[in-house]
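>>> Can you look at this prediction? I've put the sequence above it.
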Amino acid sequence: MDLKESDLGLLENAVEEWSCELQLREKELEKSKEEGEKYLDKVSRGLQGKEIQLQRNESLLQRKESQLQQQARELALKHKEMKEIAEEHTKTPKSKERQIEDQAKEIELKQK
């Protein structure tokens with residue numbers, strides 16, 4: 001019986017030692033888990049901040065795009081107006097010249 005009691009005592013000591021090692025390992029894992037969760041929270045907050053900034057930038061770009069489109073429409077309209085004015089100015093001297101010629105012909109006819 002002494003062998004069995006001594007074997008039993010050795011087993012109990014081994015079980016206690018393993019239990020202590022498991023508890024230590026469990027604490028280490030819990031600490032590692034907490035650190036991991038803190039890191040993930042930090043990364044998540046950082047990503048949320050970047051997402052908000054991206055949304056602001058997207059909104060700003062959309063407003064700028066809208067402004068540029070409006071400016072392009074205004075420039076196209078001004079270009080059209082300038083083209084019409086230029087065409088009118090090129091026609092004006094010719095039409096005045098014709099008017100003068102017509103008036104000259106009328107005067108000649110009246111004089112005859």
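All right, it came through fine. Residues are numbered from 1 along each chain as shown.
>>> In contact with residue 40, which residues?
Residues near residue 40 by C-beta atoms under 8 Å, 6 or more residues apart in numbering: none. C-betas here are computed from N, CA, C, even on glycine.
>>> any idea how far it lies from residue 49?
15 Å (C-beta to C-beta, to the nearest Å).
>>> Residue 17 now?
48 Å.
>>> Same question for residue 78.
Separation of residue 78 from residue 49 (C-beta to C-beta): 43 Å.
>>> Could you measure from the residue most central in space within the chain over to residue 45?
Nearest residue to the geometric centre of the chain (C-alpha atoms, centre = their mean): residue 58, 3.5 Å. Counting by C-beta to C-beta, the gap from residue 58 to residue 45 is 20 Å.
>>> burial count for residue 99?
10 (other C-beta atoms under 10 Å).
>>> no no, residue 35
By other C-beta under 10 Å, neighbour count at residue 35 equals 10.
>>> One more: residue 38?
Residues lying near residue 38 (other C-beta under 10 Å) number 10.
>>> got it, and the one 3 residues further on?
Neighbour count of residue 41, defined by other C-beta under 10 Å: 10.
>>> from the chain's centre, how far out does the helix or strand in which it is found sit?
In the assignment (DSSP states H and E), residue 41 maps to helix 2-111. Remark: helix 2-111 is offset 0 Å from the chain centroid, using C-alpha atoms, centre = their mean, to the nearest Å.
>>> residue ranges with poor pLDDT in this protein?
Along the chain, segments meeting pLDDT under 70 span 1-3, 91-95, 112.
>>> try it again with 90
Low-confidence segments of the chain (pLDDT under 90): 1-12, 83-112.
>>> From residue 73, how far off is residue 15?
84 Å.
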